[in-house]
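A.B. asks: next one to model:
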Amino acid sequence: MSLFRRPNESRTEEQPDLEGLDAVRQRIHDTALPPHAEKAAARELERLEKSDPSAAEYGIGLAYLDFVLDLPWRKSSQDILDLSRAETVLDAEHHGLTMVKERVLDHLAATIMVRRPHGNVLVVDDERIARENIARALRQYQVEMAEDADEALHKLTEHDFDVVITDLKMRGMDGLQLLDSWKERSPQTDFIVITGYATVETAVDALKKGAYQYLAKPLHLDRLRAIVSEVLEKRRTACTARGPVLCFTGPPGTGKTSIGRAIAQALGRSFVRVSLAGLRDEAELRGHRRTYVGAMPGRILSEIRRVDVNNPVFMLDEIDKVGQDFRGDPASVLLEILDPEQNSAFMDHYLDIPFDLSGILFIATANNADRLPRPLLDRMEIIQFDSCSSREKRQIAQKYLFPKQASATGFNPGEAHMENAAIDRVIQEYTREAGVRNLERALGGACRRMARLVLQGKRELPVTITVEDLPELMGKPRYPRICAIHRSQPGVASGLVWSETGGHTISVETAIMHGTGRLTMTGSLGKVLRESAQTALSYIRSRAESLDIVPDFFDNADIHVHIPAGSIPKDGPSAGVTIAVALASLLKNQTVRPDTAMTGELTLSGEILPVSGLRDKLLAAQQAGYSRVLLPDANQCDVDELDEEITAGVDAVFVRNVDDAVRESLMTEPFE
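C.D. replies: Numbering: from 1, shown residues only. Predicted structure coming up:
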């Protein structure tokens with residue numbers, strides 16, 4: 001304490017580390033910062049020069065300056081503008097996904113068209129030699145020349161120009177008058193004014209009138225080329241930023257993340273992946289204000305700092321699982337990040353100055369796009385990833401997954417092989433998924449068990465995994481293949497539904513008992529599914545006479561509708577026709593054909609409305625062994641667009657209403 005200190009031991013403050021601050025000042029000078037960032041860095045440095053190095057704010061200020069100087073403000077990677085190479089990269093890493101690849105290639109083609117080297121330049125100078133020298137220096141662009149302002153304005157009526165390079169002093173109308181007249185007609189054109197009579201007043205006047213740059217003679221052509229390239233690159237970047245943000249949606253394991261990585265490889269850009277699952281605090285994206293202890297920048301700018309370029313391919317994974325609580329709404333921050341109209345001046349709370357995100361190619365992934373807020377969904381282009389068919393899974397496993405797992409286990413090329421029949425058995429009985437993630441995991445387990453048998457001397461290299469080896473390598477099947485042709489009973493019908501993990505089959509069970517006309521529904525059913533059951537029962541009651549049911553039958557009977565797997569929540573409208581057929585089967589005491597499954601939304605008038613997810617539902621019917629599927633008549637055009645392998649082995653029967661569905665599904669004779 002100062003009260004007990006001797007007079008000659010008066011406290012002296014530590015002086016700032018001038019050598020360290022001089023090094024920071026030199027970094028600010030050497031780094032190509034934008035004007036607003038350079039001004040903010042200089043202001044922070046000035047504050048540090050007046051601060052005590054022992055104070056906590058001194059270290060916080062140094063960390064801030066370090067972050068500002070580490071950001072790639074003007075450092076971009078050069079895009080590889082080769083569409084055929086992009087197609088080769090996508091085909092080499094991904095089998096199938098034809099429609100997805102087409103959509104991605106369309107997007108890349110638009111990006112390449114915008115960013116390809118081009119530019120219309122007009123050179124205006126009354127000296128022929130000066131005009132020709134400038135045109136020769138810019139020969140990689142489309143250059144036209146004019147000897148005076150009148151000729152330049154006449155050319156404006158015939159062509160659009162990106163850049164106009166004009167001399168200041170010319171006969172007749174001078175360069176500043178030409179600038180005024182041109183900006184009135186074509187304000188988006190950038191002007192570069194050159195002159196041999198450079199003064200501060202004329203430079204300020206030209207810049208105020210809208211000139212992009214003011215250059216003095218003698219003209220350095222390298223400097224001029226760099227400025228023209230900067231102008232055209234800015235215009236191309238602005239056009240590219242207007243493109244939509246891609247959003248890959250589909251079940252897990254269908255290749256969404258790997259397609260994003262392939263896009264980055266095709267363009268020659270860095271790839272960044274940030275998972276947003278469970279994100280609830282918007283400061284994770286936007287950063288914390290520096291007034292807080294331990295403040296950190298947001299994940300967006302932190303990842304950009306890590307890859308050291310300002311135009312990576314940035315994947316926002318699991319965007320549909322973003323949360324919301326008292327700490328803010330991260331989805332609202334995503335609006336600013338993904339909106340091309342706003343992300344050119346993204347404000348991170350820690351950085352506290354605008355940073356341009358418009359050069360980044362953002363890609364979002366989601367399992368269910370319906371969970372996304374509507375404003376966010378409107379800013380993205382949805383690309384749907386469908387479930388993989390059994391044939392696609394087999395080819396993916398044979399070409400990519402099994403060789404990868406065998407190599408990771410230590411097998412050399414040619415030392416391990418797996419028969420197609422064994423792969424098919426793994427697909428059908430050991431995994432049940434829309435993608436191939438569990439399939440890859442199962443194949444990895446088989447390879448590791450085989451490696452153990454080889455080291456124990458029980459198997460010799462090279463090894464071939466057959467169907468007979470699967471119980472020893474993988475144990476008992478998790479999903480034994482049960483034929484759909486089984487003994488049925490009245491009141492039971494099979495339906496097809498879709499979820500985030502792909503298509504599934506369900507069994508709707510109904511029972512009737514003495515009661516007072518009450519409807520009971522069990523099986524963890526959601527509100528929409530409960531309404532579908534009520535609609536189905538109301539329609540059946542309204543058609544009691546045509547179904548040979550006594551009109552007052554329902555007054556003395558209770559009906560119970562149950563969908564098994566009660567621990568799994570279920571919802572959606574597509575089970576309406578299945579419930580109606582099950583009720584008709586129960587009340588008419590006729591069984592439903594055991595080879596038939598169905599899907600469709602039901603109206604109170606008995607019409608069957610179209611549903612989505614038909615590809616996944618048909619794959620689920622194939623896997624479960626159903627040979628007939630009842631589909632809404634309005635979905636016929638959707639089925640016609642599906643590949644033959646999806647519809648092969650399944651007879652699609654199209655129905656318009658419940659009467660058609662009942663007639664096509666109920667048996668009047670024993671099934672053979």
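A.B. asks: so D106 sits in a helix?
C.D. replies: Yes. Using DSSP: H, G, I helix; E, B strand; the rest coil, the assignment for D106 is a helix.
A.B. asks: and the gap between it and A56?
C.D. replies: 53 Å (Cβ to Cβ, to the nearest Å). Backbone N, C-alpha and C define where each C-beta goes, glycine included.
A.B. asks: and D17, what's its pLDDT?
C.D. replies: Reported pLDDT at D17 in the predicted model: 58.
A.B. asks: for H220, same thing?
C.D. replies: 81.
A.B. asks: give me the neighbour count for it.
C.D. replies: H220 is flanked by 11 other residues according to other Cβ atoms under 10 Å.
A.B. asks: with P573 instead?
C.D. replies: Count around P573 with other Cβ under 10 Å applied: 17.
A.B. asks: and A634, how close does it get to Q534?
C.D. replies: 23 Å.
A.B. asks: same check on K393?
C.D. replies: Counting by Cβ to Cβ, the gap from K393 to Q534 is 39 Å.
A.B. asks: pLDDT score for A397?
C.D. replies: pLDDT, read off for A397, is 91.
A.B. asks: tell me which element the residue lying closest to it once chain neighbours are set aside is part of?
C.D. replies: Leaving aside its sequence neighbours, A397 sits nearest to I423 (Cβ to Cβ, 6 or more residues apart in numbering; 4.9 Å). If you go by DSSP states H and E, I423 is part of helix 420-425.
A.B. asks: stretch 181-194: end-to-end distance?
C.D. replies: End-to-end distance for stretch 181-194: 17 Å, by Cα to Cα, to the nearest Å.
A.B. asks: ok, longest strand in this structure?
C.D. replies: Ranked by number of residues, the top strand in the chain under DSSP state E is strand 502-514.
A.B. asks: in it, what's buried?
C.D. replies: Buried residues in strand 502-514, counted by 16 or more other Cβ atoms under 10 Å: 502-506, 508-510, 512.
A.B. asks: could you dump those residues to CSV with distance to R663?
C.D. replies: Putting the buried residues of strand 502-514 into CSV (distance: Cβ to Cβ, whole Å) gives the following:
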residue, distance to R663
G502, 30
G503, 25
H504, 26
T505, 22
I506, 22
V508, 18
E509, 22
T510, 19
I512, 22
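A.B. asks: next one: the residue nearest to A397 from L614, what distance?
C.D. replies: Counting by Cβ to Cβ, the gap from I423 to L614 is 26 Å.
A.B. asks: does V650 touch G625 like I think?
C.D. replies: No. Checked against Cβ atoms under 8 Å, the pair V650 and G625 is beyond contact range at 10.2 Å.
A.B. asks: what about S574, neighbour count?
C.D. replies: 26.
A.B. asks: in what helix or strand does V193 lie?
C.D. replies: strand 190-195.
A.B. asks: what comes into contact with that strand?
C.D. replies: 162-169, 175-176, 179, 182-183, 202, 206, 210-217, 219, 224, 227-228, 231, 235 (Cβ atoms under 8 Å, 6 or more residues apart in numbering).
A.B. asks: try it again at 6 Å.
C.D. replies: 163-165, 167-168, 175, 179, 206, 211-215, 219, 231 (Cβ atoms under 6 Å, 6 or more residues apart in numbering).
A.B. asks: can you say which of those are buried?
C.D. replies: Neighbour counting with 16+ other Cβ under 10 Å marks 163-165, 167-168, 175, 179, 206, 211-215, 219, 231 as buried within these.
A.B. asks: please narrow those to those residing in strands.
C.D. replies: Reading strands off the buried ones among the contacts of strand 190-195 with DSSP E, I get 163-165, 167, 213-215.
A.B. asks: E644: which of the residues you listed is nearest?
C.D. replies: V163 (53.8 Å; Cβ to Cβ).
A.B. asks: quickly list what that closest one is bridged to.
C.D. replies: V121, D190 (DSSP bridges).
A.B. asks: look at R663 and say how many residues are nearby.
C.D. replies: With other Cβ under 10 Å as criterion, R663 counts 12.
A.B. asks: got it, and L62?
C.D. replies: Count around L62 with other Cβ under 10 Å applied: 19.
A.B. asks: which ones are touching it?
C.D. replies: So L62 contacts nothing (Cβ under 6 Å, 6+ apart).
A.B. asks: which of the helices or strands spans it?
C.D. replies: Here L62 is assigned to helix 56-70, by DSSP H and E.
A.B. asks: just the buried positions in that helix, please.
C.D. replies: 58, 60-62, 64-65, 67-69.
A.B. asks: distance from the chain centre to that helix, please.
C.D. replies: 34 Å (Cα atoms, centre = their mean, to the nearest Å).
A.B. asks: quick one on the thing from earlier: would you list the ones in strands among the buried ones among the contacts of strand 190-195 in a markdown table and tack on pLDDT and distance to S494?
C.D. replies: Shown next, in a markdown table, are these (pLDDT from 0 to 100; distance: Cβ to Cβ, whole Å):
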| residue | pLDDT | distance to S494 |
| --- | --- | --- |
| V163 | 86 | 67 |
| V164 | 87 | 71 |
| I165 | 86 | 74 |
| D167 | 84 | 82 |
| Q213 | 81 | 72 |
| Y214 | 80 | 77 |
| L215 | 82 | 77 |
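A.B. asks: out of these, which is nearest to R74?
C.D. replies: Q213 (16.2 Å).
A.B. asks: skip the chain neighbours and tell me the closest residue to the closest one.
C.D. replies: Q213's closest residue in space is I192 (Cβ to Cβ, 6+ apart), at 4.8 Å.
A.B. asks: do T591 as well
C.D. replies: Nearest to T591 is S488, by Cβ to Cβ, 6+ apart, at 4.4 Å.
A.B. asks: surely the one you found meets D595?
C.D. replies: No. Using Cβ atoms under 6 Å as the test, S488 is too far from D595 to be in contact (9.8 Å).
A.B. asks: output the below-cut-off pLDDT ranges for this protein.
C.D. replies: 1-20, 114-118, 198, 235-243, 324-328, 480-487, 566-568, 669-672 (pLDDT under 70).
A.B. asks: next SSE downstream of whatever helix or strand V228 lives in?
C.D. replies: Using DSSP H and E, V228 maps to helix 221-241. Where DSSP H and E defines the elements, the next helix or strand beyond helix 221-241 is strand 245-249.
A.B. asks: now for that next one, which elements pack on it?
C.D. replies: strand 361-366, strand 380-384 (3 or more Cβ pairs under 6 Å, 6 or more residues apart in numbering; DSSP states H and E).
A.B. asks: quick one, the strand holding V193 and strand 163-167 angle?
C.D. replies: On the basis of axes from the mean of the first three to the mean of the last three Cα atoms, to 10 degrees, strand 190-195 is oriented at 20 degrees to strand 163-167.
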